[in-house]
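A.B. asks: Got a predicted model here, sequence first, then my questions.
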Amino acid sequence: MLLIYTPQYNGNAGDVIRLKVSKKDFSVHKVQVTLYDAEGAEIESGMATKKHDDIFFYRASETVIEKKPQRICVMICDQYLNRVMKEARMNL
């Protein structure tokens, strides 16, 4: 299960995207978040930080100049580099 919560993300540096990551028989090793603009250009990418159990936070490092729809891609990897990806679209 991979849930993306964006109520605290408004396109500003420092805003937080919260992720709930869990998968049976899948030990999460790392969570990578990539943000794209409406045209598909990458805005930023980085690793989410584990807060507790299956909750991770990603803190944006860039402010989005044009408040247009965005795409958020999240990739989780286990220690064997098996991957699961999820994508969400949002309007700012």
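C.D. replies: Perfect, I can see it now.
A.B. asks: Pick out the residue nearest the middle of the protein.
C.D. replies: The centroid of the chain falls nearest to residue 33 when counting by CA atoms, centre = their mean (3.6 Å).
A.B. asks: you'd agree that residue is up against residue 58?
C.D. replies: Yes - with contact defined as CB atoms under 8 Å, residue 33 counts as touching residue 58 (4.2 Å). All C-beta atoms are positioned from the backbone trio N, CA, C, and that covers glycine.
A.B. asks: Quick check: neighbours shared by the two?
C.D. replies: 17, 19, 46-48 (CB atoms under 8 Å, 6 or more residues apart in numbering).
A.B. asks: Out of those residues, who's the most crowded?
C.D. replies: residue 19 (26 neighbours; other CB atoms under 10 Å).
A.B. asks: Next, find the distance separating that one from residue 52.
C.D. replies: The spacing between residue 19 and residue 52, counted by CB to CB, to the nearest Å, is 12 Å.
A.B. asks: The residue lying farthest from the centre of the chain: what's it in contact with?
C.D. replies: Computed with CA atoms, centre = their mean, the residue of the chain farthest from its C-alpha average is residue 25, at 21.6 Å. Not one residue lies near residue 25 by CB under 8 Å, 6+ apart.
A.B. asks: Name the residues of the worst-scoring helix or strand of the chain on mean pLDDT that are buried.
C.D. replies: The weakest-scoring helix or strand in the chain, judged by mean pLDDT, DSSP states H and E, is strand 83-90 (a mean of 86). Residues of strand 83-90 classed as buried by neighbour count (16 or more other CB atoms under 10 Å): residue 84.
A.B. asks: Tell me which other helices or strands that strand touches.
C.D. replies: The criterion is 3 or more CB pairs under 8 Å, 6 or more residues apart in numbering; DSSP states H and E, and the helices and strands that strand 83-90 contacts are strand 2-5, strand 70-78.
A.B. asks: Given that strand, what are its sheet partners and their directions?
C.D. replies: Based on DSSP bridges, the pairing partners of strand 83-90 within the sheet are strand 70-78 (antiparallel).
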